[in-house]
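Novice: Predicted model, plus sequence, below.
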Amino acid sequence: MNMDSSGEPSVALFSDDAALLDWNSEFAVELEQASGMLVRGVDYLTLVEAGLGEGALEVTREGLGDPRRYRYVVDGVEVAVRESRTAGGAILRLAAPVRAETRLADELRILRTATGGREGLVPQGSPGPAGQTSGIAVTSPSRFAATVSHKLRTPMQGVLGMASLLLRTELDHTQRAYLGAIDRSGRLLMSLINDIIEVAEMGQGAALRIADLDLVDLVEGVVGLFAVRARDRGLDLRIAIDPAVPRVIRGDGLRLRQVLLNILSNAIKFTSRGSIEARVGVDRSGRAVGESYVRFEIEDSGAGIDPAAAQGLFDRSDGDGFGLTRSRALVERMGGRIGVTSEPGVGSTFWVELPLAREEVAPPPRALTLDLQGLQLLLVEDNEVNLAVIEAFVVSAGGACDVATSGTAAIKACARRSYDVVLMDIHMQGMDGLTASQIIRTARDPEGPPIKIIAITADARPEVQVQAADVGMDGWIAKPFHRDQLILAIRRALGRGPT
């Protein structure tokens, strides 16, 4: 045994029947005499006895992980060991040299087992008992959604994050226009990714995502995506928004964007000359007393549609009609109507009406102080591009930021110094962020300053949010996110922002 006396913890995770699942490099150093046995599935006691020799004579299977603690001394180094179980029964073993000035191991608290119904903290994909995969049981669609979510949302954080950072630099008018188009396109791509994941998780009947919508921003963003295409076709693309339209309403921005995107794309496709105008107004002649509707119209000067063909336009299943069929389904899901008026040789006007309840109209958001002055943060992220993006977000807001690229490195960093906030990626190679967060909580000096841990992840499924809360995380933010979203999440976790 040649364990360093610097105080870096040795961490190992075992299944409920004491089979080794995962470990860090310090554990390998601690048990170097048994280095040839360090493979997943090896028995806890067999490994410890071989690795510690006489120092392990008093270690027995009785009370394994219930919790318990013991000490051993090898080569003059005294090591304190704590074992405890996760909610799912997995055994977590922490060990550290006892140093006279801090006696780090004495400060380790017993892992809390009150983590609801969670099935444990075993890293995703680790083999468990009887060769089964340990961790959270998921159905195939859910597993597909989680994989797609992580694989696509993670690089999109880099794309949108870098675009956001560039937009804050000195640019000429043309550069800013091009970069703005990249940013808008990326956000629309994220809308499509979210829709694919939603269908995979819950099917067509997934719940609406109701939130505050800036109508002007939404419409200008969709129309702006087609500016170059319209110009190349020689079309005059215009926007007209009635001043009576509320700037901010409550609604599902994802689905509304998709509907307008489909309609506008078709308008440009079938208009060879003339103009296209996107209009937004309020229709107060509702079908019931007191009802009002936001009405979106996209009028083109194209070839028009024969009245007989227009009747079934929203029911077609071929390539040209599928987008409109999907649009009708989305609009009806939102409680609205969609239709078209057209005259051959003159043009067409596609319209969408969505209910507008006065009590749901939100006031313009109040100004908030978006800075992180005086805060020391630890960013835990294993994607190089996202690491650079998020670190730049923090620094640009006045915060100080250390970085760690793994759960193990995060544990070491938190043992060395105190942080106001830890931004913890959940899915990482090796030890996942949930396990790392629980270890950090367990090892923290209860008399020391509090630490806030915010989950950052591309896997935005509700059950993952529950798991983050179960291990004591104080906040949650899903990738991709922009700078202000991150700062608000940090300030909210610290009790300095809106709840």
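Specialist: Yep, it's here.
Novice: What distance do you get for T271 to S327?
Specialist: 18 Å (CB to CB, to the nearest Å). For glycine as for every other residue, the C-beta is placed from the backbone atoms N, C-alpha and C.
Novice: So the residue in the chain sticking out farthest from the centre versus S275, what's the distance?
Specialist: What lies farthest from the middle of the chain is G345; by CA atoms, centre = their mean that is 48.4 Å. Distance, G345 to S275, using CB to CB: 15 Å.
Novice: and if you look at V42?
Specialist: 73 Å.
Novice: Next: N24.
Specialist: Relative to S275, and taking CB to CB, N24 is found at 64 Å.
Novice: These two: which is more packed in?
Specialist: N24 (22 against 14; other CB atoms under 10 Å).
Novice: quick one: the more buried one and T435 touch, right?
Specialist: No. In this structure N24 lies outside contact range of T435 using CB atoms under 8 Å: 10.7 Å.
Novice: can you give me the strands for the stretch 1-150 of the chain?
Specialist: Assigned by DSSP state E, counting those that start in this stretch, the strands in the stretch 1-150 of the chain fall at 10-14, 20-23, 68-74, 77-85, 91-97.
Novice: which stretches of the stretch 51-200 of the chain aren't confidently modelled?
Specialist: Scanning the stretch 51-200 of the chain for pLDDT under 70 picks out 54-58, 87-88, 99-151, 188, 191-200.
Novice: and if we set it to 80?
Specialist: Applying pLDDT under 80 to the stretch 51-200 of the chain flags the ranges 52-67, 73-77, 86-89, 98-162, 164-165, 167-168, 178, 180-181, 183-200.
Novice: Sketch out the low-pLDDT regions of the stretch 201-350 of the chain for me.
Specialist: Residues of the stretch 201-350 of the chain that meet the cut-off, pLDDT under 80, sit at 201-209, 225, 228, 254, 284-291, 307-313, 315-323, 326.
Novice: quick one, helices of it?
Specialist: With DSSP state H, counting those that start in this stretch as the criterion, the stretch 201-350 of the chain has helices at 215-225, 227-232, 253-269, 307-311, 319-333.
Novice: Which of those has the highest mean neighbour count?
Specialist: helix 253-269 (a mean of 21; mean count of other CB atoms under 10 Å).
Novice: Dump the C-alpha coordinates for it into PDB.
Specialist: Taking C-alpha atoms only, helix 253-269 is exported to PDB below (Å, rounded to 0.1, in the frame of the first residue of the first chain):
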ATOM      1  CA  GLY A 253     -43.500  28.500 -28.400                       C
ATOM      2  CA  LEU A 254     -42.000  25.200 -29.700                       C
ATOM      3  CA  ARG A 255     -45.200  24.200 -31.400                       C
ATOM      4  CA  LEU A 256     -46.100  27.700 -32.600                       C
ATOM      5  CA  ARG A 257     -42.700  28.100 -34.200                       C
ATOM      6  CA  GLN A 258     -43.100  24.800 -36.000                       C
ATOM      7  CA  VAL A 259     -46.500  25.700 -37.400                       C
ATOM      8  CA  LEU A 260     -45.300  29.100 -38.700                       C
ATOM      9  CA  LEU A 261     -42.100  27.600 -40.000                       C
ATOM     10  CA  ASN A 262     -44.100  25.000 -42.100                       C
ATOM     11  CA  ILE A 263     -46.500  27.600 -43.500                       C
ATOM     12  CA  LEU A 264     -43.800  30.200 -44.400                       C
ATOM     13  CA  SER A 265     -41.600  27.500 -46.000                       C
ATOM     14  CA  ASN A 266     -44.500  26.500 -48.200                       C
ATOM     15  CA  ALA A 267     -45.300  30.100 -49.100                       C
ATOM     16  CA  ILE A 268     -41.800  30.700 -50.300                       C
ATOM     17  CA  LYS A 269     -41.700  27.400 -52.100                       C
END
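Novice: coming back round to it: export the helices of the stretch 201-350 of the chain as a markdown table, with columns for distance to Y293.
Specialist: Output for these, formatted as a markdown table (distance: least, CB to CB, whole Å):
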| stretch | distance to Y293 |
| --- | --- |
| helix 215-225 | 13 |
| helix 227-232 | 27 |
| helix 253-269 | 13 |
| helix 307-311 | 21 |
| helix 319-333 | 12 |
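Novice: what's the closest of these to R68?
Specialist: Among the helices of the stretch 201-350 of the chain, the nearest to R68 by CB to CB is helix 253-269 (50.5 Å).
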